[in-house]
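[1] Fold the following for me, if possible:
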Amino acid sequence: MKDSHGRVIDYLRISLTDRCNFRCVYCMPEEGVCAMSHEEILRLEEIERLVKVAAGLGIRSVRLTGGEPLVRKGVVDLVDAITKIDGIENVSMTTNGVLLPRMIDDLKAAGLSRVNISLDTLDADQFRAITRVGNLEDTLAGIDAALEAGLNPVKVNAVTVRSLDQDFLAFAKMSIGRPLHMRFIEYMPVGDTSEEGGTGWGKQDVIPSEELFDTINKQAREAGLPELRPAGTSKPLGWGPARYFEFPDAQGTVGFISPLSRHFCAECNRLRVTADGKVRPCLFSDTEYDVRSALREGSDAAVRDVLLEALGAKPDEHHDKVGTERNMSQIGG
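    Got it, this is the predicted structure:
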């Protein structure tokens, strides 16, 4: 299906829950969010029905997000159900990786094809500070589990923040010895977590991807390594806007996602559904359409109408507007 700007929309991101086993400083307050009630959250059968209707409109790829999707009871059964829907070609997940070692075999058997794992630092103390409760080794174990299970691709997402002084070369080098796809995402000040009492980060902490690319190459030269080059056949499958590069003879790639410095709105191919059943045409807009009511009170045609209404409202771009009334854990970004 196409939106009013001629873009093919075939990708649906669905937040399964607003709950998480981390309390990342840029995602939610330290005390967590006021958790939605069971009645507010879409039931698993409602999500399955939503995907069936969406597939009939042309959705081919589904990504399950949160919060942390693996804390949602029944997630394995949901993956299994979605993969069996006619028209759905791929089901993936974005996770912090902590629960993957104990769940990866069941998830793969259910049909999970790929995974994105969030990891913003390789320093254990800094990792604890960012997540407030997490341990670096747990997420690293999740990455290992995904690779050992043969998921393809396995991507690692790092939000780049100037104040953190992250070791970008160490991140990039993770792509050399294993088929791991390292992706750097420009920090986006979204919601009140970027204000006082949250991260304390601001626009000055945004590192444009072009600057980061030059920094990594400079660090590589100083370390006696070759520079990054455009990725060839090792470029990972996916539906997102990353630009991929690689070190010579590396098994994986290094990607850059630039929502601020290089708008990719013209390439946007997605709709988002929040855990409480609101369809968001754009991450940066607070405009939402209620599909939960249609799922509970209406026919499939009513659900289809909500999706089409949201599709018609997709903006041509976000016009440098960064900010939303919801935190990222509530949006399912």
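
[2] pretty sure residue 117 belongs to a strand, no?
    Yes - Residue 117 forms part of a strand when assessed by DSSP: H, G, I helix; E, B strand; the rest coil.

[3] And the strands in the stretch 51-200 of the chain, which stretches?
    61-65, 90-95, 114-118, 154-160, 180-186 (DSSP state E, counting those that start in this stretch).

[4] So which residues lie in contact with the first one, not counting its own?
    Read it as strand 61-65. 10-16, 51, 75, 78-79, 82, 88-94, 116, 239, 332-333 (C-beta atoms under 8 Å, 6 or more residues apart in numbering). C-beta here means a position set from N, CA and C on the backbone, and glycine is covered the same way.

[5] any idea what sits nearest residue 35, other than its immediate chain neighbours?
    What sits nearest to residue 35 in space, not counting adjacent residues and going by C-beta to C-beta, 6 or more residues apart in numbering, is residue 19, at 5.9 Å.

[6] can you put the strands of the stretch 51-200 of the chain in CSV and add mean neighbour count?
    Compiled in CSV, these are given as follows (neighbours: other C-beta atoms under 10 Å):
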stretch, mean neighbour count
strand 61-65, 24
strand 90-95, 23
strand 114-118, 23
strand 154-160, 23
strand 180-186, 23
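
[7] Dump these into TSV; add mean pLDDT as well.
    TSV is the format used below for the strands of the stretch 51-200 of the chain (pLDDT from 0 to 100):
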stretch	mean pLDDT
strand 61-65	97
strand 90-95	97
strand 114-118	97
strand 154-160	96
strand 180-186	96
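
[8] where along the stretch 51-200 of the chain do the helices fall?
    Taking DSSP state H, counting those that start in this stretch as the criterion, the stretch 51-200 of the chain carries its helices at 75-83, 100-110, 124-131, 136-148, 168-177.

[9] now the third one and strand 114-118, what's the angle there?
    So that's helix 124-131. For helix 124-131 and strand 114-118, the angle between their directions (axes from the mean of the first three to the mean of the last three C-alpha atoms, to 10 degrees) works out to 100 degrees.

[10] hey, C-alpha coordinates of helix 124-131 in PDB?
    Included here for helix 124-131 are C-alpha records, laid out as PDB according to Å, rounded to 0.1, in the frame of the first residue of the first chain:
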ATOM      1  CA  ALA A 124      30.200  -1.900  32.500                       C
ATOM      2  CA  ASP A 125      29.900   1.000  34.900                       C
ATOM      3  CA  GLN A 126      28.500   3.300  32.300                       C
ATOM      4  CA  PHE A 127      26.100   0.600  31.200                       C
ATOM      5  CA  ARG A 128      24.700   0.400  34.700                       C
ATOM      6  CA  ALA A 129      24.400   4.200  34.900                       C
ATOM      7  CA  ILE A 130      22.500   4.300  31.600                       C
ATOM      8  CA  THR A 131      20.200   1.400  32.300                       C
END
